[in-house]
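**Q** Output the structure for:
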Amino acid sequence: MKKQSNNTGKLIPTRKYHTSPRLTDDFKTKLKRDIKRLFVNREFIEFIDDTIKKLPQKDKLACLYYFKTLAIEVHRTPEPNHYEAFRDTYDDLISSIADEQKHCNPIRWIDLKIEEITALVNLNIVNNEFLNDDKAESSFDPELVPEKKIIQMLGMSKSKLLKLRAEGMPYRQIGKPIFYNLKDVKEWLRRDAA
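**A** Below you'll find the predicted structure:
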């Protein structure tokens, strides 16, 4: 069996999904089965990337979280009989990519991809709703914090936050989401406490 010139030749052909799959239980079972032999981290990452590109937008994050679970739970190794038949090739491959295996961390890649998709989705929601709001100001305030984040930052329940908002705590609604300027909120809380 020949290796490719980049020293990371694929020994095991990976399954390609040509249609847009849905994140069903059957699909999850196929993913779990398919990754068992993807012991080269770069190939595993490429497989994840190829798979999520084919998914509908609404399934991408769920699939990434599922892949993260699989990356932790599934022991990825060459198929034993194939390994025995091509032991020298596998050993050469493993020794040539030892450093790459350390640096191509699938879990770190998945976390970064989750952050990227989440940030893009949030930015898109805010931008779309902001641009569609006729009463919106001409520029978006980068100091605005989403409602869930302000609840965490102030360490209060949502009902307490709603009560304070009803009492006049400043907030800004852009489309459906509600945002808070942390500086204005802290100032209001200090004045209200006085």
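**Q** Run a quick neighbour tally on Tyr180.
**A** 25 (other Cβ atoms under 10 Å). From N, CA and C alone the C-beta is placed, and that goes for glycine too.
**Q** where's it relative to Tyr171, distance?
**A** 5 Å (Cβ to Cβ, to the nearest Å).
**Q** Ala193 too?
**A** With distances taken as Cβ to Cβ, Ala193 is found 18 Å from Tyr171.
**Q** When these two are compared, which one has more neighbours?
**A** Comparing Ala193 with Tyr171 by neighbour count (other Cβ under 10 Å), the higher total belongs to Tyr171, at 18 against 6.
**Q** what residues are up against the more buried one?
**A** Arg165, Ile178, Phe179, Tyr180 (Cβ atoms under 8 Å, 6 or more residues apart in numbering).
**Q** And the one helix or strand Ile150 maps to, what's buried?
**A** Using DSSP states H and E, Ile150 falls within helix 147-154. Neighbour-count burial for helix 147-154, counted by 16 or more other Cβ atoms under 10 Å, picks out Glu147, Ile150, Ile151, Leu154.
**Q** Would you mind pulling up the elements that that helix packs against?
**A** Helix 147-154 sits against helix 158-166, strand 178-181, helix 182-193, with contacts defined as 3 or more Cβ pairs under 8 Å, 6 or more residues apart in numbering; DSSP states H and E.
**Q** Turn the ones you listed into CSV, including distance to Ala85.
**A** Compiled in CSV, those are given as follows (distance: least, Cβ to Cβ, whole Å):
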stretch, distance to Ala85
helix 158-166, 60
strand 178-181, 60
helix 182-193, 62
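**Q** circling back to that earlier point, just the buried members of the contacts of Tyr171?
**A** Using 16+ other Cβ under 10 Å as the burial test, the contacts of Tyr171 include Ile178, Phe179, Tyr180 as buried.
**Q** In space, what's closest to the second one - neighbours in sequence excluded?
**A** The reference is to Phe179. Ranked by Cβ to Cβ, 6 or more residues apart in numbering and with sequence neighbours excluded, the top spatial neighbour of Phe179 is Leu144, at 3.8 Å.
**Q** Many thanks, we can stop here.
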